[in-house]
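J.: Only the shape, not the letters, is given here:
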Ligand code: HEM
């Protein structure tokens, strides 16, 4: 639609867009679908990206890979899948370190400040749209020793 030459066709498409696709009635009707889609997209890409980063960091760190594999072999063995009840502190630390360096949502979702607030030395007026830079927090050299190393 965006590339159609401006004219009767374009005007008709725009009218359909407003009266049908984005009509209040249809938006309300499909609200439950959008809610489910939110949960699906929030839970799939985040998990996939985190696993991908963790595996690539492990491939670059043979010592960590060996220790994680040794822990899995010792606690879980090779005859079953791990469960949430298995105690795997080394693997948990590996995943936390991966999420520190490669957060799946580096700026989180935008939030709106409901009332005037002060965070550290910053005054944030009510109504401000706030983006939390999780990536920068995870790489802050005043908090982490060698923040760019896994
Ligand atoms: C490694 C995996 C995941 C990561 C890194 C992750 C990360 C996050 C983060 C950082 C937020 C908060 C965003 C914010 O406060 O601005 C969030 C919210 C949310 N996540 Fe995840 N998530 C993961 C897995 C999942 C899974 C598996 C599901 C669902 C099955 C899920 C569903 C949600 C939902 C519904 C919210 C919004 C909660 C709300 O608005 O209060 N997430 N996630």
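T.: Arrived safely. Everything numeric here is computed off the predicted structure, so don't read it as measured data. Residues are numbered from 1 along each chain as shown.

J.: any idea of the pLDDT on the closest residue to residue 139 other than its chain neighbours?
T.: Once flanking residues are discounted, residue 139 sits nearest to residue 147: 4.5 Å by CB to CB, 6 or more residues apart in numbering. For glycine as for every other residue, the C-beta is placed from the backbone atoms N, C-alpha and C. Predicted confidence (pLDDT) for residue 147: 97.

J.: what's the neighbour count on residue 40?
T.: Using other CB atoms under 10 Å, residue 40 has 10 neighbouring residues.

J.: circling back: my guess is the residue nearest to residue 139 contacts residue 140, does it?
T.: Yes: under the criterion of CB atoms under 8 Å, residue 147 makes contact with residue 140 at 6.5 Å.

J.: So which of those two has more stuff around it?
T.: Between residue 147 and residue 140, counted using other CB under 10 Å, residue 147 has the larger neighbour count: 15 against 11.

J.: do you know how far the more buried one is from residue 101?
T.: 8 Å (CB to CB, to the nearest Å).

J.: which residues are in contact with both of the two?
T.: Residues touching both residue 147 and residue 101 (CB atoms under 8 Å, 6 or more residues apart in numbering) are 138-139.

J.: So which elements touch the lengthiest helix in the chain?
T.: Identified as the longest helix of the chain according to DSSP state H is helix 31-60. Counting contacts by 3 or more CB pairs under 8 Å, 6 or more residues apart in numbering; DSSP states H and E, helix 31-60 is packed against helix 62-75, helix 89-101.

J.: now, of the ones you listed, which is deepest in the fold?
T.: Burial of those is given as mean neighbour count (mean count of other CB atoms under 10 Å); helix 89-101 ranks first at a mean of 16.

J.: what does that one rub up against?
T.: 50, 53-54, 57-58, 64, 67-68, 71-72, 138-139, 144, 148, 150.

J.: can you do 10 Å?
T.: Around helix 89-101, the neighbours that count as contacts under CB atoms under 10 Å, 6 or more residues apart in numbering are 46, 49-58, 61, 64-65, 67-72, 75-76, 82, 88, 134-135, 137-139, 143-144, 147-150.

J.: and this structure, which of its residues are near the ligand?
T.: Residues of the chain lying close to the ligand by CB under 6 Å from any ligand atom are 39, 42-43, 46-47, 50, 99, 104-105, 108-109.
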